[in-house]
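Trainee: Please work out how this folds:
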Amino acid sequence: MPSSDHMIVRQIEFVDTDMAGIMHFSNYYRMMEAAETSFFRGLGLPLFEECEGRVIGWPRVRSRCDYHAPLRFNDIVEVHLFVKEIRTQALTFFFRFRKRRPDGSREAVARGELTTVCATLDPATQAIVTVPVPQAVRDRIAVAPKSAYRV
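Mentor: Numbers count the residues shown, from 1 in each chain. Below is the predicted model of the structure:
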């Protein structure tokens, strides 16, 4: 059955924080990328590898992150990835960040989106060119229901 969602769990390290003890905004993007990599690995799909006779990669063409509450050193955060859209040459992922509280509840702290295009190098010019998302990828992923990525 095709997958539409995935989750990773991270603990906020001291190196992730700024002078105020709050996780620096750039680390949300690192966690989105880690979740994306884990999602692809979990499905046995390459992020940068030969697929259908050509080397493909997934450069980012759009990203955003909205912050609702801070994460601090030692906080535990769940990063939920949902496939929001599959287009001919691109994928869009939605991310929901939830801090685990000591009582077992979850607090929404951020949400983000990342759009990647499937691309390869033109052998003649070495220019990056977009190509259709390979069938092997399409066969293993599905768009999550809209209710999954609404916050």
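
Trainee: residues in contact with the longest helix along the chain?
Mentor: Secondary structure of the chain read by DSSP state H shows that its longest helix is helix 26-42. Outside helix 26-42, the residues that touch it by CB atoms under 8 Å, 6 or more residues apart in numbering are 3, 6-8, 10, 16, 46-47, 63, 65, 67, 77, 79-81, 93, 95, 97, 110, 112, 114, 116. C-beta: built from backbone N, CA, C; applies to glycine.

Trainee: next one: that helix to chain centre, how far?
Mentor: 5 Å (CA atoms, centre = their mean, to the nearest Å).

Trainee: Over to stretch 80-88?
Mentor: In terms of CA atoms, centre = their mean, the centre of stretch 80-88 is found 9 Å from the chain centre.

Trainee: What are the buried residues along that stretch?
Mentor: By 16 or more other CB atoms under 10 Å, the buried positions in stretch 80-88 come out as 80-84, 86.

Trainee: Sort out which one of those residues lies nearest residue 148 for me.
Mentor: residue 82 (5.1 Å; CB to CB).
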